[in-house]
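Student: Turn this into a structure:
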Amino acid sequence: MIYSFDGDAEEIIGKARTGILPIFKKQPGFVAYGVMVRRDQLISISAWNSEGDAKAADEVARQWVSENLEMSVVNSFIGDYEWLVFAE
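Tutor: Modelled structure (predicted):
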């Protein structure tokens, strides 16, 4: 998901790490989660075992963000990774 925000990026990143990450880890099919920031946009990237797991997580994330952060959704994308490699 891509969000726009005003305010301190480090504060938002910290809230995401301590708030949504533990929730994601408890969701079925969780594989990975990361956050990138570019100027006034935050990009939330996650990997799930299935599209259904990803859609469920998307709803959880939207709810958590609306209750805990001052950000607006700019764009959302759910799709299959053509490939994803983790370091060994």
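Student: Just want the most central residue of this protein.
Tutor: What sits nearest the mean C-alpha location of the chain, by Cα atoms, centre = their mean, is residue 44, with 3.5 Å.
Student: Now that one. Nearest residue, chain neighbours left out?
Tutor: Spatially, and ignoring its direct neighbours in sequence, residue 44 is nearest to residue 1 (4.7 Å; Cβ to Cβ, 6 or more residues apart in numbering). Heads up, the C-betas are built off the backbone N, CA and C, glycines and all.
Student: Surely that neighbour and residue 35 touch.
Tutor: No: in this structure, residue 1 is not within contact of residue 35 by Cβ atoms under 8 Å, at 10.1 Å.
Student: Mutual contacts of those two, please.
Tutor: Taking Cβ atoms under 8 Å, 6 or more residues apart in numbering as the contact rule, residue 1 and residue 35 both touch 43-44.
Student: quick one on the thing from earlier: surely the residue nearest to the centre of the chain meets residue 3?
Tutor: Yes: using Cβ under 8 Å as the test, residue 44 is close enough to residue 3 to be in contact (7.0 Å).
Student: CA atoms only for the worst-scoring helix or strand of the chain on mean pLDDT, dumped as PDB, please.
Tutor: Within the chain, judged by mean pLDDT, DSSP states H and E, the helix or strand with the poorest mean is strand 71-75; its value is a mean of 90. Extracted in PDB, the C-alpha atoms of strand 71-75 (Å, rounded to 0.1, in the frame of the first residue of the first chain):
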ATOM      1  CA  MET A  71      -2.100   8.800   6.800                       C
ATOM      2  CA  SER A  72      -4.200   8.500   3.700                       C
ATOM      3  CA  VAL A  73      -4.200   5.600   1.200                       C
ATOM      4  CA  VAL A  74      -2.900   6.800  -2.200                       C
ATOM      5  CA  ASN A  75      -2.800   3.400  -3.900                       C
END
